[in-house]
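[1] Kindly return the folded structure for what I paste below:
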Amino acid sequence: MRGPILALPCLTALLGAALLAVPAAEARPVAPMAMVATASPGGTALPVRDQAPRPHRGEASFYHDRFHGREMANGETFRQNSDSAASRTLPLGTRAQVRNLENGRTAEVTIEDRGPYAKGRVIDLSKSTARKLDMMEDGTAPVEVRPLPGNRQD
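    As a prediction, the model looks like this:
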């Protein structure tokens, strides 16, 4: 049992020496990258720089009244009369256009929260946005969420 325990410090020392052997001139900053699922030779995700998020479709719902006044993921207070929306995948601060696929109505939203957590849902909207999309009666609607280029707030 002592073999693996003694091998760990030796391996650490070897890796440390290998890292120290890299000249400082070769070190360069790396720009942030997004990982996207694309076809690659190894069947893994490839890093893509500055790729705009793609439009996606699914079911939209709107926030229940009990969430009015609560803190969102970005630290702001949620208001039902705002353009706030929740997405599990889009970065916070992203501006997006949401189109109701049943009637063609559109509205712009800002992703400020995380969710929805119900299966099959892609976005949660404020009541104000749900009214614009004419989805209040049914409570849900099939939508396309299209991130707007260059409107992400950092």
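
[2] Give me the pLDDT for Pro53.
    With respect to pLDDT, Pro53 scores 71.

[3] correct me, but it touches Ile111?
    No. Between Pro53 and Ile111 there is no contact under CB atoms under 8 Å: 9.9 Å. All C-beta spots, glycine's among them, are computed from the backbone N, C-alpha and C.

[4] Could you name every residue contacting both of the two?
    Leu90, Pro91, Thr94 (CB atoms under 8 Å, 6 or more residues apart in numbering).

[5] Would you mind measuring from the first one to His56?
    What it means is Leu90. 9 Å (CB to CB, to the nearest Å).

[6] Give the intersection of the neighbour lists for those two.
    Val145.

[7] more crowded one of these two?
    Leu90 (21 against 16; other CB atoms under 10 Å).

[8] which secondary structure element contains the more buried one?
    For Leu90, there is no host helix or strand (DSSP states H and E).

[9] if we can go back for a sec, quick one: which of Pro53 and Ile111 has more around it?
    A direct count of neighbours by other CB under 10 Å for Pro53 and Ile111 places Ile111 higher, at 27 against 20.

[10] Would you check that that one makes contact with Thr89?
    No. The pair Ile111 and Thr89 does not pass the contact test of CB under 8 Å, sitting 9.2 Å apart.

[11] could you list every residue that touches the closest residue to Ser82 other than its chain neighbours?
    Once flanking residues are discounted, Ser82 sits nearest to Ser126: 5.3 Å by CB to CB, 6 or more residues apart in numbering. Residues near Ser126 by CB under 8 Å, 6+ apart: Phe62, Tyr63, Phe78, Arg79, Gln80, Asn81, Ser82, Asp83, Ser84, Ala85, Val109.

[12] Can you pull the phi/psi pair for Ser126?
    Dihedral pair for Ser126: phi -70, psi 160, per degrees, to the nearest 10.

[13] quick revisit: of the contacts of Ser126, keep whichever come out buried.
    Burial by neighbour count, 16 or more other CB atoms under 10 Å: within those this picks out Phe62, Tyr63, Phe78, Arg79, Gln80, Ser82, Asp83, Ser84, Ala85, Val109.

[14] want to throw these into a markdown table with secondary structure, distance to Glu102 and pLDDT?
    Below are these laid out as a markdown table (DSSP: H, G, I helix; E, B strand; the rest coil; distance: CB to CB, whole Å; pLDDT from 0 to 100):
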| residue | secondary structure | distance to Glu102 | pLDDT |
| --- | --- | --- | --- |
| Phe62 | strand | 15 | 95 |
| Tyr63 | coil | 20 | 93 |
| Phe78 | coil | 26 | 95 |
| Arg79 | coil | 26 | 96 |
| Gln80 | coil | 22 | 95 |
| Ser82 | coil | 24 | 97 |
| Asp83 | coil | 21 | 97 |
| Ser84 | strand | 23 | 97 |
| Ala85 | strand | 18 | 97 |
| Val109 | strand | 18 | 98 |
